[in-house]
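Participant: next comes the sequence, and after it the predicted model I'd like to discuss.
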Amino acid sequence: QAFLGAFSAISSEIRTLKGDAPDLIRARLYELLVLLNRWYRARHLADTSSDVHPTIARFRALVERQFTRRHRVSEYALELGVTPGHLNALCRWHLGESAGTLIRQRLALEAKRMLIYGDIPAFAVARELGFRDPAYFSRFFRREVGAAPRRFRHDRRHPEGPSPA
């Protein structure tokens, strides 16, 4: 009934074709997609809101404990007893992100914390996070955060002042 009601509302809007009809049609289509998604999840998927897949739970715990020593999906997959592809598929399905993205996000979060609240230079942050090459850390940080480590630190500590040269 909900689907038929949504289709009927879209059809009615198409018949009238007022000036803002495209906006309302898009909104109604979006509503229809949400309804379809709810129907599909209720019919075909178990309730996953309270249940965390055991491999995902173990992966997240491993990342929390080992992100400074392990940066590769393959290292985590080996410890979990799954293939890197399977770990990525599980992460994408349950968390909406790849395993590599989750590892990089955790590294970037810790790097940001260390740069904002610590007084050690960026090369020491790189070393603490398991990066052998400070230049690679800088490129990683810039790619993940959108700013070089030095600029990020300065901008967070001095939001109104000029940035360093």
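Facilitator: Here it is on my side, so go on.

Participant: tell me, how many neighbours does Pro121 end up with?
Facilitator: Pro121: 14 surrounding residues under other Cβ atoms under 10 Å. In short, each C-beta sits where N, CA and C put it, glycine included.

Participant: now the one 4 residues further on
Facilitator: Look at Val125: counted by other Cβ under 10 Å, it has 23 neighbours.

Participant: where's it, which helix or strand?
Facilitator: For Val125, the host element (DSSP states H and E) is helix 122-128.

Participant: pLDDT below threshold where in this protein?
Facilitator: 45-51, 161-165 (pLDDT under 70).

Participant: with adjacent residues omitted, what lies nearest to the most centrally placed residue in the chain?
Facilitator: Residue closest to the mean C-alpha point of the chain, counted by Cα atoms, centre = their mean, is Glu97 at 5.3 Å. Once flanking residues are discounted, Glu97 sits nearest to Cys91: 6.1 Å by Cβ to Cβ, 6 or more residues apart in numbering.

Participant: quick check: that neighbour vs Asp133, distance?
Facilitator: 27 Å (Cβ to Cβ, to the nearest Å).

Participant: contacts for the helix or strand where Leu102 lies next, please.
Facilitator: Secondary structure assigned from DSSP H and E places Leu102 in helix 99-117. Residues from elsewhere that reach helix 99-117 (Cβ atoms under 8 Å, 6 or more residues apart in numbering): 59-60, 63-64, 67-68, 70-73, 76-77, 84, 87-88, 91, 95, 97, 120, 122, 125, 128-129, 137, 140-141, 144-145, 149, 152-153, 156-157.

Participant: which elements pack onto the longest helix seen in the chain?
Facilitator: Secondary structure of the chain per DSSP state H: the longest helix is helix 21-44. Where contact means 3 or more Cβ pairs under 8 Å, 6 or more residues apart in numbering; DSSP states H and E, helix 21-44 is packed against helix 2-16.

Participant: helices and strands around the helix it packs on, which ones?
Facilitator: Looks like helix 2-16 contacts helix 21-44 (3+ Cβ pairs under 8 Å, 6+ apart).

Participant: after the helix it packs on, which helix or strand is next? Please name it.
Facilitator: helix 54-66.

Participant: tell me which residues in the helix or strand following that next one are buried?
Facilitator: Scanning forward in sequence from helix 54-66 by DSSP H and E, the next helix or strand is helix 73-80. Residues of helix 73-80 classed as buried under the neighbour-count rule (16 or more other Cβ atoms under 10 Å) are Val73, Tyr76, Ala77, Leu80.
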